[in-house]
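1. build me a model from this:
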Amino acid sequence: MTPLLKQLAMLAAGSLICFTAGAQGNADPVRPAVLPLEAEPAPRIIAHPPIAEALARGVVIIQFRTENMRVKPIFGKAAVEVSPRLGHLHVTIDDWQGTWAHTSEDPIIVVGLKPGTHTLLLELADPNHKILARETVSVTVPEKKASMSPEHKH
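-> Purely as a prediction, here's the structure:
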């Protein structure tokens, strides 16, 4: 091993020892201690009104954000114990008996709804599907305007 390589290896080992020692005492100012789940505030979901420009075309786009929970495609018993919390959304339209799992922080996009008023129920669920918070969004899909083909315009 060259002298420079030896020196770099010793420096890296010393940095690892210092970092490990700091982490053991939870005194690391760069990486704060993780709160136990029971000490974390309750998760919340905040849904924004549908995007007007898209809604005018019959496309429902709902942006949302969560607090005290990250939306990820992770499921199962072990994932319930992870801190900060992980979860997903259950999305139900109107009183439909079905629902789907939305597993990302991307906006919710719905196409093909009939014109009229619809209700989207957004439920924040843990990895075992236990509902922790909910938000309802009311959406009115407009009638589509009849478009005339160029040969019918006068």
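
2. what are the boundaries of the helices in this structure?
-> 3-24, 52-56 (DSSP state H).

3. so for the last one, what gets flagged as buried?
-> It refers to helix 52-56. Residues of helix 52-56 classed as buried under the neighbour-count rule (16 or more other Cβ atoms under 10 Å) are L55. Just so you know, the C-beta spots here come from the backbone N, C-alpha and C atoms, and that holds for glycine as well.

4. look up how far K144 lies from the residue nearest to A79 when sequence neighbours are not counted.
-> Leaving out its chain neighbours, the residue that sits closest to A79 by Cβ to Cβ, 6 or more residues apart in numbering is P127, at 3.7 Å. Using Cβ to Cβ, to the nearest Å, P127 is found at 40 Å from K144.

5. which of these two has more neighbours?
-> Of the pair P127 and K144, P127 is the one with more neighbours under other Cβ atoms under 10 Å, namely 20 against 10.

6. the nearest residue to R85 once chain neighbours are set aside: neighbouring residues, count only.
-> Taking Cβ to Cβ, 6+ apart, and ignoring the residues beside it in sequence, R85 has M69 as its nearest neighbour in space, at 4.3 Å. Summarising burial for M69: neighbours were counted as other Cβ under 10 Å, giving 22.
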